[in-house]
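1. This is a predicted model, with the sequence first.
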Amino acid sequence: RWLFTRAVCTLYAFCGVLFGLCSLTSLTVLSTVCCLKVCYPAYGRCWEFSPCHAGVLLLCVWAYALMFATAPLAEWGSYGPEPYGTACCITWKASNREATLYILALLIFCYLLPCLLILVSYSLILWRVRVSRRAVRQH
């Protein structure tokens, strides 16, 4: 069973969601930047990647993750014990319409969209490498 207070459960769940979303969102941004640099070199020349750009991207990643992680604290969804009661996370059994909408928003914007962007980015990179390899073989 969960050994701590409800507030610690909420904090535990909040941190798990926040850091998990930051991780996946960071991977999404990284794959997108790599795709832009490899597949669109002309775009890469006009957009010089600098520490300032990296900082802006990191701020965007954290803001995106914070937006979804703080939503249950603002009563859109909720945090609570997991079914076995040993840890805390998002309450997946939606009890009202708002909770259901939050879970759908998480599914779409925090799982499906990032996974699709990562898949498309790396597919485009692989395609570009394959095309370049063929061009080198012909010469």
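-> Ah, there it is.
2. For this structure, just list every one of the strands.
-> Assigned by DSSP state E, the strands in the chain fall at 79-81, 88-90.
3. Which elements pack onto the last one?
-> Think strand 88-90. Under the contact definition 3 or more C-beta pairs under 8 Å, 6 or more residues apart in numbering; DSSP states H and E, strand 88-90 sits against helix 6-39, strand 79-81. Where C-beta positions appear, they are placed from N, C-alpha and C, glycine not excepted.
4. tell me the centre residue of this structure?
-> Centroid-nearest residue in the chain: residue 25, 2.7 Å away (criterion: C-alpha atoms, centre = their mean).
5. Please tell me how far that one sits from residue 41.
-> Relative to residue 41, residue 25 is positioned 25 Å away (C-beta to C-beta, to the nearest Å).
6. highest average neighbour count across the helices and strands packed on strand 88-90?
-> Ranked by mean neighbour count under mean count of other C-beta atoms under 10 Å, those are led by strand 79-81, which reaches a mean of 18.
7. strands paired with that strand, and their directions?
-> Sheet partners assigned to strand 79-81 using DSSP bridges are listed as strand 88-90 (antiparallel).
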